[in-house]
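>>> Here you go, sequence then predicted model.
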Amino acid sequence: MSKTRLSLWAGGAALLAAWLSSAAGTTPEGLPSPPPGGASAPPSSPAAPPALDHVDLDREVARMTAWLERAPRPRPVVRNPFTLAPRRRADAPGRPGTVVLQGWAPGPAAAVPATRLRVSLAGIATEADPSGPLRTAILSVDGQVMLAQVGDEVPGPYQVQRVDDDAVELWDPVRQASFRLTLP
């Protein structure tokens with residue numbers, strides 16, 4: 001170790017010792033200093049601080065309660081970015097890509113009331129085939145995903161008549177009508 005480094009260490013140690021000795025001779029504010037001569041003071045019982053002797057507790061509680069009533073309230077949480085909510089679906093059949101169709105439940109019509117069946121087109125998959133593109137409709141039927149090609153039946157029962165690049169045509173044999181679903 002060089003003489004310069006040794007003198008720097010000695011000077012730092014001396015400064016640290018001086019700082020610690022000056023801090024040891026002071027007392028925190030509000031506390032009595034120790035009696036001179038090193039004699040210890042007799043232990044005293046803890047007492048309430050003198051500033052709190054004249055406080056009217058009921059008045060302070062009333063003041064704080066009034067302040068809390070005027071205090072601004074936090075805004076309610078509108079959105080939680082860490083949760084996924086189900087997609088909202090419009091009930092109106094006029095929304096593009098969604099058709100609300102009346103279906104039926106198995107059994108006699110008088111015993112079971114008719115149910116509403118919601119069919120919407122979610123997408124179209126195309127696969128290359130030697131005879132031409134083979135398209136598969138990706139349908140959402142009452143919240144469940146279903147893959148259908150031409151000739152397949154969709155619950156309701158409806159039959160897939162045609163699958164285009166951007167639309168699907170469903171046939172309703174009961175009503176003798178066809179419905180066209182387009183991509184949103």
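Yep, it's here.
>>> Where is the longest strand in this protein?
Identified as the longest strand of the chain according to DSSP state E is strand 116-127.
>>> And the next helix or strand past that one?
strand 134-141 (DSSP states H and E).
>>> Show residues contacting that next one.
With contact meaning C-beta atoms under 8 Å, 6 or more residues apart in numbering, strand 134-141 is reached by 117-128, 145-149, 154-156, 160, 163-165, 168, 181. (C-beta placed from N, C-alpha, C; glycine too.)
>>> Narrow the residues you listed to those that are buried.
Among these, the ones that count as buried by 16 or more other C-beta atoms under 10 Å are 117-121, 124, 148, 154, 156, 160, 163, 168, 181.
>>> Max pairwise distance over those residues: which two?
117 and 124 (20.5 Å; C-beta to C-beta).
>>> residue ranges for the helices of the chain, please.
Assigned by DSSP state H, the helices in the chain fall at 3-24, 57-70.
>>> could the buried ones among the contacts of strand 134-141 be laid out in JSON lines, adding distance to residue 18 and pLDDT?
Formatted as JSON lines, those follow (distance: C-beta to C-beta, whole Å; pLDDT from 0 to 100):
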{"residue": "117", "distance to residue 18": "89", "pLDDT": "61"}
{"residue": "118", "distance to residue 18": "84", "pLDDT": "78"}
{"residue": "119", "distance to residue 18": "87", "pLDDT": "84"}
{"residue": "120", "distance to residue 18": "82", "pLDDT": "86"}
{"residue": "121", "distance to residue 18": "84", "pLDDT": "90"}
{"residue": "124", "distance to residue 18": "84", "pLDDT": "93"}
{"residue": "148", "distance to residue 18": "89", "pLDDT": "92"}
{"residue": "154", "distance to residue 18": "90", "pLDDT": "87"}
{"residue": "156", "distance to residue 18": "92", "pLDDT": "74"}
{"residue": "160", "distance to residue 18": "93", "pLDDT": "92"}
{"residue": "163", "distance to residue 18": "90", "pLDDT": "93"}
{"residue": "168", "distance to residue 18": "89", "pLDDT": "93"}
{"residue": "181", "distance to residue 18": "87", "pLDDT": "89"}
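>>> just those now: which is nearest residue 57?
Of the buried ones among the contacts of strand 134-141, the one sitting nearest to residue 57 (C-beta to C-beta) turns out to be residue 118, at 64.1 Å.
>>> wouldn't the closest one be in contact with residue 154 here?
No - assessed by C-beta atoms under 8 Å, residue 118 is found out of contact with residue 154, at 11.5 Å.
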